[in-house]
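In: coords please:
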Amino acid sequence: MGGKAATFNTRFPFLLFIESIGKYPMKISAQKPLASLVLSLLAATLFISETAQAACSDACLKGKVDAQAKQLMAAHNIPGMAFGIIVDGKSHFYNYGLSDKQRNQPVSEDTIFELGSVSKTFTATLANYAELNGTLALDDTADKYIPYLKNSAIGNTELINLGTYSAGGLPLQVPEDIENDKELLQYYKSWQPEFPVNSTRLYSNASIGLFGHIAALSMDTDFTKLMENKLLPSLGMSNTFVNVPADKMGDYAFGYNKADEPIRVNPGMLDAEAYGIKSTSADMTRYLAMNIGLLPLDNQMQQALDNNRKGYYRTNSFTQGLAWEMYSLPTTLPTLLEGNSTDTILKPQPIQMNEPPAPIRDDVWVNKTGSTNGFGAYIAYVPAKKTGIVILANKNYPNTERVKAAYTILESAIGQ
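Out: The predicted model follows:
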């Protein structure tokens, strides 16, 4: 077990002004001059920032992560875990256990894990990039790109509804009996919605998978080729793949199922678009840094990342972006647990649309979970505090346990 750190060289703005007032209330008199009051509030804010930065040293942070890793691995029989954390512009890596039990190979920040549905954030970025390049518009309908779907419910659906699971009730998975593109298009053309468009969120690989497929069609290129030859290289993520190449297979962890058997994800229709990305904690921590704005990036690509945080509608617990789910600060652990619960994923959720979409905000907790049969991932970040965490494991364990661990670690790291 261990950790190491690298610095991104950036300032770390801490608690919001309103949080300062809430945590350190002051007695305000009518006679106190306004300038004096402002100075007092500013002093309190600076004091909070200093104490927050001192909330957890590197050794303290390592102790917190060690404790969470030990608890999770024991409780859920997880063979190996990798944590990437950014605090105050500094990246920290912590690795535990084994990526391959048969070879007794330890986890490192170069171990490749399956991301599951965290992949959707890359699909969303590709679609935003396509829109910025003028090859698609999110308010286009699907039949503009797939003429076969004309005069069908799905053909008349806007792309943004596919990308935000609000098209009317597409299922969690593409049906298992669909084996080729012809059958897939026939399925979509015959599909009938259960709910009015923009009334209900039903989390769906079939929905965002088609969204990603159309984004690639708009650029006249296969999705996997676009991801591996354009998007991921533009992000500097050299150890992130849809298809792990032969020379990297030694770094590709085995996942472990409930019977503790080694497995990896099986091919499926629209798998690359919905849950097919594999990556390392080093690359995903870099991804955190770019989403937070800590690394220089091509303006168009940075805008594509940022546009994922437009708020398209509200559920009971979070605002839905493109792939990302966002919680207004200050948030609470129960709220995060509700938003990442099995019910929220599997059951229809009523929504309130934002017309127009809410602007990009930094004072939010942004997160996404991801799972395959043998892996579990979680990524969360707070742009306003320049901090974030990625947790990768070669076992699928409950989302709520990932959220608890991340919240506990970040709370101690930044003194929320």
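
In: which stretches of the stretch 201-350 of the chain aren't confidently modelled?
Out: Applying pLDDT under 70 to the stretch 201-350 of the chain flags no residue at all.

In: All the helices of it, in order from the start?
Out: 205-218, 223-226, 232-234, 271-275, 281-292, 299-307, 333-339, 342-346 (DSSP state H, counting those that start in this stretch).

In: Leu392: which of these is closest?
Out: helix 281-292 (5.6 Å; CB to CB). No exception for glycine: its C-beta is placed from N, CA and C like everyone else's.

In: got the contact list for that closest one?
Out: 8, 82-86, 91, 93, 95, 109-111, 113, 115, 235-240, 279, 295, 297, 302, 305, 366, 379, 381, 383, 386-390, 392 (CB atoms under 8 Å, 6 or more residues apart in numbering).

In: Select only the buried ones of these in PyMOL?
Out: A single PyMOL command selects the buried members of the contacts of helix 281-292 (16 or more other CB atoms under 10 Å):
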select buried, resi 8+82+83+84+85+86+91+93+95+109+110+111+113+115+235+237+239+240+279+295+297+305+366+379+381+383+386+387+388+389+390+392
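
In: out of the contacts of helix 281-292, which are inside strands?
Out: Per DSSP state E, strands hold the following members of the contacts of helix 281-292: 82-86, 91, 93, 95, 113, 279, 366, 379, 381, 387-390, 392.

In: Isn't Ala413 up against Cys56?
Out: Yes. Judged on CB atoms under 8 Å, Ala413 makes contact with Cys56 at a distance of 5.0 Å.

In: pLDDT score assigned to the spatially most central residue of the chain?
Out: The structure's the chain has its C-alpha centroid closest to Lys368; by CA atoms, centre = their mean the separation is 3.4 Å. Per-residue pLDDT puts Lys368 at 98.

In: which residues are in contact with both of Ala413 and Cys56?
Out: Shared contacts of Ala413 and Cys56 (CB under 8 Å, 6+ apart): 64, 87.

In: which one of these two has more residues nearby?
Out: Neighbour comparison, Ala413 and Cys56: the larger count goes to Ala413, with 25 against 20 (by other CB atoms under 10 Å).

In: Could you measure from that one over to Val65?
Out: 9 Å (CB to CB, to the nearest Å).

In: same check, this time on Phe122
Out: From Phe122 to Val65 the distance is 25 Å (CB to CB).

In: likewise Thr224?
Out: 34 Å.

In: Equivalent analysis for Ala167, please.
Out: 39 Å.

In: Which residues are in contact with the closest residue to Pro262 other than its chain neighbours?
Out: The shortest distance from Pro262 to any non-neighbouring residue, by CB to CB, 6 or more residues apart in numbering, is to Phe254 (3.9 Å). Phe254 is in contact with 99-102, 262-264, 374, 394, counting by CB under 8 Å, 6+ apart.

In: Need the contact partners of stretch 168-181.
Out: Counting by CB under 8 Å, 6+ apart, 153, 157, 161-162, 183-184, 187, 191, 193-197, 199-200, 202-207, 209-210, 268-270, 345-346, 348 sit against stretch 168-181.

In: So for that stretch, what gets flagged as buried?
Out: Those would be 168-170, 173-174, 178, for stretch 168-181 by 16+ other CB under 10 Å.

In: if we take those, which one ends up nearest to Ala246?
Out: Here the nearest of the buried residues of stretch 168-181 to Ala246, counting by CB to CB, is Val174; it sits at 28.1 Å.

In: ok, the residue lying closest to Gly97 once chain neighbours are set aside - contacts?
Out: Using CB to CB, 6+ apart and skipping residues adjacent in sequence, the residue nearest Gly97 is Gly80, 3.7 Å away. Shown in contact with Gly80 (CB under 8 Å, 6+ apart): 95-99, 106-107, 111, 253, 393-394.

In: Look up how far Leu392 lies from Gly80.
Out: Gly80 is 9 Å from Leu392, where distance means CB to CB.

In: Give me the common contacts of the two.
Out: Contact with both Gly80 and Leu392 is made by residues Thr111, according to CB under 8 Å, 6+ apart.

In: Quick check: Pro196 vs Ala358, distance?
Out: Distance of Pro196 to Ala358, given as CB to CB: 21 Å.

In: These two: which has the busier surroundings?
Out: Legend: neighbour count by other CB under 10 Å for Pro196 and Ala358, higher for Ala358 (16 against 10).

In: I figured Leu149 hits Gln186, correct?
Out: No. The pair Leu149 and Gln186 fails to qualify as a contact (CB under 8 Å) at a distance of 10.3 Å.

In: Comparing those two, which shows the higher neighbour count?
Out: Between Leu149 and Gln186, counted using other CB under 10 Å, the more crowded position is Leu149 (22 against 13).

In: so what's that one up against?
Out: Applying CB under 8 Å, 6+ apart to Leu149 gives the contacts 142-143, 155, 185, 188-189.

In: Quick one: buried ones out of the residues you listed?
Out: Buried by 16+ other CB under 10 Å: 142-143, 155, 185, 188-189, out of these.

In: Take these and keep only those in helices.
Out: Counting by DSSP state H, those place 185, 188-189 in helices.

In: And this protein, what are its domain boundaries?
Out: Under automatic domain parsing, the residue ranges defining each domain of the chain are 2-6+60-114+221-414, 15-52, 136-218.

In: Out of these, flag the one nearest Tyr129.
Out: domain 2-6+60-114+221-414 (4.2 Å).

In: chain center to that closest one, what's the gap?
Out: 5 Å (CA atoms, centre = their mean, to the nearest Å).

In: Please list the residues outside stretch 192-200 that contact it.
Out: Identification of contacts with stretch 192-200 by CB under 8 Å, 6+ apart yields 153, 157-158, 161, 166-169, 202, 313, 348-351, 353.

In: No further questions, thank you.
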